[in-house]
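# Quick one: sequence and predicted model below, then my questions.
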Amino acid sequence: MSRQLPIAGTAEVRAAALRDLRADRGAVVAIILVNALASAAGLVGPWLLGRIIDTIQAGTGDVLSKVDRLAFGALVFTIVQTTLTWWALKIGYRFGERTAARVRERFLKRTLALPPRVADQLPTGDLIARGSTDAAVVALTLRSAVPEVLVALVHALFLIVAVVVLDPLLGLCGLACLIGVAAAVRWYLKRARPAYLAVAASGAELADVVASTAKGARTIELLGLEDRREQATEAAISQARSARLGALWLRTVLFPWADVSLGLPVVGVLLVGGALHANGLVSIGLVVTATVYLRQLVGPLDILMLWIEQLQGAGASYARVEGLAGISDEERQPTAHIQDVDADLGDRIQVNNARYSYTDGRDVLHGIDLIVQPGERLAIVGTSGAGKSTLARLLAGLDRPHTGSVTIGSTPVADLPPGQLREHVVLITQDHHVFHDTLRDNLRIARPNATDEELHAALHAVGAEWLDDLPLGLDTELGHETILDGASAQQLSLARVVLADPHTLILDEATAQLDPRTARRTEQSLAAVLRGRTVIAIAHRLQTAHDADRIAVMEAGELVELGTHNELVSAGRVYGKLWHSWHAEADTPSD
Ligand SMILES: Nc1ncnc2c1ncn2[C@@H]1O[C@H](COP(=O)(O)OP(=O)(O)OP(=O)(O)O)[C@@H](O)[C@H]1O
């Protein structure tokens, strides 16, 4: 069953952003300081311009050389401002890169820390969208937004303070005219978060639909479900389009509104300044300086507006990336810590009154009791949906029952840390993974400190003769030029089992859907791995059950029979009937 991935709330995103800023506080302080210097240098130019105007107006002394000196000063300070701004941006971009890497690493760590039972239930498309698109948006924002926003903020602050210092009345007038900008931003912010969360969610939904269509392509083709998948994809595309249009509409209101509002302070200061000058209260140079400052304010405020808009999208992405932290620690952590686990657990697996449900309130296992003795071969049989795979997952520690227990020795299997779990019990299915990495590292996943001799021995134990044909041997990069076929990939995964050396193996459809040739090769490899271990096999063929020491029969989530083949055939109940009907059909001699 698929479950929704959580989205971090505004407070959590703010806390995470603050943590990220604090983690690199040296760079943040440097950005602010260098920016402050750049902004201070930037104020000098317009002030000198005012002085030039006043000097010319006064017309006393050597006007030309005074103006030259003032103009030279303005040029020097402009160069100083440009250099400092460039330096601040450089520090900022480096800070952004480091922080973006930190956010990505955090996401990856959280994803890898998810227990299999939780990971299995998460929507793949959403997880991929968060790790790729959303993380990229957050990275880009941190790289560019933080330095640019800080530069713009400090610059704007200096300009406003400078106008107020020049003349408080003109300063107040300029500030009053900025109210329009504040109103536009307020209107926008109220609507932007839900709009951008909807954009991200619809994008993830679309990714989910595409991923599940690609994954189930064969089934879709076999069952003729193309039209339904096309409809589902079109619905997801249209939802994504309308979510994006909704967010774009907010921009079409914000920007014109803000553009008009940004012109108002200049108009206001010119009008009020003109009146003050006419009454001899301020010089014309001072009015020009204040007007230039307010005109310059448009630059940083424009940048801030642009980023406010983009930060909403990035904020939604940040909330989605951080959302993974919302998966409760209880689900995330195994409850047993390494030191709590018995050094020698013993090999006996015991299932005690285990009940399990995928969805609340609907148990698919109803109180299973079972003891698997060391070295035993147990087959689990039952009709489709009886609960065999679910029981296998509980036995393999991939999930835990909501009531009752599944233990090895005295420790709940699901509580074992992954490194210890694979030394006790391994579930073998058809889902095996070959990583784009060297053959050596593909194998060392199972035992990180294994020597090359041990790796060779493990591959040979499962009959992987293809190792001898690889020119680079264990150094061969898999997945690029060397692609393993199905049986070889299964052998690789079985070699990992040999290396992990668990006392118990659980087989769930390890060979069920392979073509006969591949299945034969895989079964031979499997036989080598099974020797000397406890084996619990979900039996799809009754011959497998026949060869087992004991057979557990499941029906509708219950263990209805348990015994040897002969005992169950003699009892003539569920297994006996199955055996007789299969025997009749297959015409296979029974005992
Ligand atoms: N991920 C899941 N989410 C919700 N229900 C599930 C999930 N997996 C299995 N089920 C349900 O749990 C019950 C037991 O399923 P399970 O796969 O364990 O049976 P099974 O005996 O292994 O069947 P099969 O032989 O077809 O694999 C079924 O009713 C099934 O629909």
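Nice, I can see it. Numbers count the residues shown, from 1 in each chain.

# Please count neighbours and contacts with C-alpha atoms only from this point.
Fine.

# ok, and does stretch 419-431 reach over to the ligand?
No. Against the ligand, stretch 419-431 shows no contacts by CA under 6 Å from any ligand atom, the least distance being 11.5 Å.

# Mark out where each domain of the chain begins and ends.
According to automatic domain parsing, the chain is divided into the following domains: 10-331, 348-586.

# With mean neighbour count as extra columns, can I get the ones you listed in TSV?
Below are the domains of the chain laid out as TSV (neighbours: other CA atoms under 10 Å):
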stretch	mean neighbour count
domain 10-331	18
domain 348-586	18
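
# For the longest helix anywhere in the chain, what is the distance to the chain centroid?
The single longest helix within the chain, with elements called by DSSP state H, is helix 226-278. How far helix 226-278 lies from its chain's middle: 30 Å, per CA atoms, centre = their mean, to the nearest Å.

# For the stretch 51-200 of the chain, give the residue positioned nearest to the ligand.
In the stretch 51-200 of the chain, the residue that lies nearest the ligand is residue 121 (6.8 Å; CA to the nearest ligand atom).

# Can I get stretch 556-569 in CSV, CA atoms only?
Output of stretch 556-569 as CSV, limited to C-alpha atoms (Å, rounded to 0.1, in the frame of the first residue of the first chain):
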residue,chain,number,x,y,z
ALA,A,556,-6.7,-16.5,4.5
GLY,A,557,-3.9,-15.3,6.8
GLU,A,558,-4.0,-18.3,9.1
LEU,A,559,-1.7,-21.2,9.6
VAL,A,560,-4.1,-24.1,9.1
GLU,A,561,-1.8,-27.1,8.9
LEU,A,562,1.8,-27.9,9.9
GLY,A,563,3.5,-31.2,9.5
THR,A,564,5.6,-33.5,7.3
HIS,A,565,4.4,-34.3,3.8
ASN,A,566,3.3,-37.8,4.8
GLU,A,567,1.4,-36.5,7.9
LEU,A,568,-0.5,-33.9,5.9
VAL,A,569,-1.3,-36.2,3.0
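
# what's in contact with it?
363-369, 385-387, 545-546, 548-554, 574-577, 579, 591 (CA atoms under 8 Å, 6 or more residues apart in numbering).

# From the contact counts, what lies against the longest helix of the chain?
Helix 226-278 sits against helix 168-177, helix 179-215, helix 284-322, with contacts defined as 3 or more CA pairs under 8 Å, 6 or more residues apart in numbering; DSSP states H and E.

# any idea of the pLDDT on the residue of the stretch 201-350 of the chain found nearest the ligand?
Here the stretch 201-350 of the chain gets closest to the ligand at one residue, residue 212, 14.5 Å apart by CA to the nearest ligand atom. In this model, residue 212 is scored at 83, pLDDT.

# now the one 5 residues further on
Predicted confidence (pLDDT) for residue 217: 82.

# hang on, residue 355 is in a helix, isn't it?
No. Read with DSSP: H, G, I helix; E, B strand; the rest coil, residue 355 is strand and lies in no helix.

# wouldn't it be in contact with residue 367 here?
Yes. Applying CA atoms under 8 Å, one finds residue 355 in contact with residue 367, separated by 4.9 Å.

# Same question for residue 405, what's its three-state structure.
Secondary structure state of residue 405, per three-state DSSP, is strand.

# Excluding residues flanking it in the chain, which one is nearest it?
Take residue 405 and drop its neighbours on the chain: the residue closest to it by CA to CA, 6 or more residues apart in numbering is residue 352, 5.2 Å away.

# is whatever helix or strand the one you found lives in up against the ligand anywhere?
Assigned by DSSP states H and E, residue 352 belongs to strand 349-359. Yes. Interface with the ligand: strand 349-359 contributes residue 358 (CA under 6 Å from any ligand atom).
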